[in-house]
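Q: Pasted the sequence and its predicted model underneath.
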Amino acid sequence: MELKNDERIDDLHRKGYKIIQNTQKFCFGIDAVLLTGFSGVKDKENVLDLGTGTGIIPILLEAKTKGSHFTGLEIQEESVEMAVRSVELNCLEDKISIIQGDIKEAVKLFPLSSFDVITSNPPYMNNNNGIKNNLQPKSIARHEILCTLEDVIKNAASLLKVGGRFYMVHRPSRLPEIIVTLKKYKLEPKRLRFVHPYINKEPNMILIESVRHGKPLLKVEPPLIVYKSVGEYTDEIYEIYGYNR
């Protein structure tokens, strides 16, 4: 696989899969990996990842689950092209499709109520908050420039089957807004997990599962601790990553 300037190939530690990334644009973070560990995909289910970037979530979910087919939707042409090459690099063309398109127009790109599972690692920051990176791809990935939280949730709700599951990673500070918006679009929060960098630190991420037209009952799972000491992951994080220790 020929690489372009500033590109590299990273090992994903799952089934020998690898991913192409551009070190000057945007590389996937631990949040995407944790989301794949939190998301449940059953045998023969079809999955859509909204805002897939370079395809990390579909590739890891294909490696970890028995889902039938995985689709990644991404608006940035450069990321789409890189994701397509990563799919080809892993010989997954029959299992993963990468589609270029706008999350706000997702209901025009796919049939309504057609997916069993939808995942998203959306921009965390309101467009008016936070320091924007001068590199546009990073700004788009981190700030609600091209889509809002409501855009993501609204389209996920429309594309999920009744009883389908929506998995998202986000920031704890926006949890009230997330829950209100989920319920507005008939996505009932069912599981919630707080992610803490260290056991004695406040959470800096949340993982949340909701079900379309689900019954009200939210389970708060035990906290997920990332590091046991500086530079050393906890055993659960090593397991999620698939590292052999």
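A: Structure's in. What do you need?
Q: isn't Pro197 right next to Pro223, touching?
A: No. Pro197 is not in contact with Pro223 according to CB atoms under 8 Å; the separation is 10.9 Å. Backbone N, C-alpha and C define where each C-beta goes, glycine included.
Q: Quick one: the strands in this structure, in order.
A: Using DSSP state E, the strands of the chain run over residues 7-11, 18-22, 46-50, 69-74, 96-100, 115-120, 160-170, 187-196, 205-212, 219-220, 224-225, 227-229, 232-233.
Q: Neighbour count for Pro197 and Pro223, which is higher?
A: Pro197 (14 against 11; other CB atoms under 10 Å).
Q: Okay, now the unreliable bits of this structure?
A: 124-125, 127-146, 245 (pLDDT under 70).
Q: Does anything pack onto the longest helix along it? Which helices or strands?
A: When the chain is parsed with DSSP state H, its longest helix is helix 77-89. Applying 3 or more CB pairs under 8 Å, 6 or more residues apart in numbering; DSSP states H and E, one finds that helix 77-89 contacts strand 18-22, strand 69-74, strand 96-100.
Q: can you do 6 Å?
A: strand 18-22, strand 96-100 (3 or more CB pairs under 6 Å, 6 or more residues apart in numbering; DSSP states H and E).
Q: can you redo those strands as CSV with mean neighbour count?
A: As requested, these are exported to CSV (neighbours: other CB atoms under 10 Å):
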stretch, mean neighbour count
strand 18-22, 20
strand 96-100, 19
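Q: Any chance of CSV for the ones you listed, columns distance to Lys108?
A: Shown next, in CSV, are the helices and strands packed on helix 77-89 (distance: least, CB to CB, whole Å):
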stretch, distance to Lys108
strand 18-22, 29
strand 96-100, 12
